[in-house]
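Chemist: coordinates only, sequence not included:
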């Protein structure tokens, strides 16, 4: 808020230039002349294969491409390593749920230590391995009650953020971020 006729404060923006070259994702396979004789069937098979395989290749590249000349620079190469933010109170005997909540906090703080001058992001997805998800849903209180019932819903969440189960995630790791 600024008083009438007072100088208006000035904000400073700093940009970090980043770029990623576009790369073509393609696939090929051999089709014999004999196979082409049954045109309708073969066309159906080719379309089914391409419709499944190309998205699979694309998803793998987006997730874990190594950034080489023929690959995209995948999320696992550019994501920040997990670190408990400075100032967060230590949790006695943290479980996997606590770790994922802390990863959400790390994204919110912009992958930095606590600071009012840092702008973070709002995590909108948490990717976990199916085995890790099963372990999360098995966490119970000493009375045997599920500790985190929101994970048992058809659309599981952690602190309101959708949990996406993916075999692309290595067991024991996760990917949390703002993917918008």
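Modeler: Noted; the coordinates are in hand. Predicted model, so just to flag it, every value in this text is computed and none were measured.
Chemist: Give me the next element, helix or strand, following the helix of greatest length in the chain.
Modeler: Using DSSP state H to define each element, the chain has its longest helix at helix 39-64. Later in the chain than helix 39-64, the nearest helix or strand by DSSP states H and E is helix 75-78.
Chemist: And the residue nearest to residue 178 when sequence neighbours are not counted, how far from residue 180?
Modeler: Nearest non-adjacent residue to residue 178, counting by CB to CB, 6 or more residues apart in numbering: residue 121, 3.7 Å away. No exception for glycine: its C-beta is placed from N, CA and C like everyone else's. Residue 121 is 9 Å from residue 180, where distance means CB to CB, to the nearest Å.
Chemist: follow-up on the earlier one: quick one: residues contacting the residue nearest to residue 178.
Modeler: Going by CB atoms under 8 Å, 6 or more residues apart in numbering, residue 121 touches 107-108, 110, 177-178.
Chemist: One more pass at 10 Å, please.
Modeler: 107-111, 177-180 (CB atoms under 10 Å, 6 or more residues apart in numbering).
Chemist: cool, residue 133 as well?
Modeler: 96, 126-127, 151, 156, 163-166, 169, 174.
Chemist: again, only using 7 Å
Modeler: 163, 165 (CB atoms under 7 Å, 6 or more residues apart in numbering).
Chemist: Flag every buried residue along the longest helix of the chain.
Modeler: 61-64 (16 or more other CB atoms under 10 Å).
Chemist: can you check stretch 94-110 too?
Modeler: Quick answer for stretch 94-110 (16+ other CB under 10 Å): 96-97, 100-109.
Chemist: Closest one to residue 90 out of those residues, please.
Modeler: For those, the minimum distance to residue 90 (CB to CB) is 10.5 Å, reached by residue 102.
Chemist: Can you say which helix or strand has that closest one in it?
Modeler: Residue 102 belongs to helix 96-108 when assigned by DSSP H and E.
Chemist: Check which element follows that helix along the chain.
Modeler: Counting by DSSP H and E, what follows helix 96-108 is strand 125-128.
Chemist: Next up, the contacts around the closest residue to residue 158 other than its chain neighbours.
Modeler: Leaving aside its sequence neighbours, residue 158 sits nearest to residue 100 (CB to CB, 6+ apart; 5.1 Å). For residue 100, the contact set (CB under 7 Å, 6+ apart) comprises 126, 158, 174, 176.
Chemist: now those in a markdown table, with secondary structure, pLDDT and distance to residue 15?
Modeler: Putting the contacts of residue 100 into a markdown table (DSSP: H, G, I helix; E, B strand; the rest coil; pLDDT from 0 to 100; distance: CB to CB, whole Å) gives the following:
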| residue | secondary structure | pLDDT | distance to residue 15 |
| --- | --- | --- | --- |
| 126 | strand | 97 | 28 |
| 158 | strand | 96 | 32 |
| 174 | strand | 94 | 29 |
| 176 | strand | 94 | 25 |
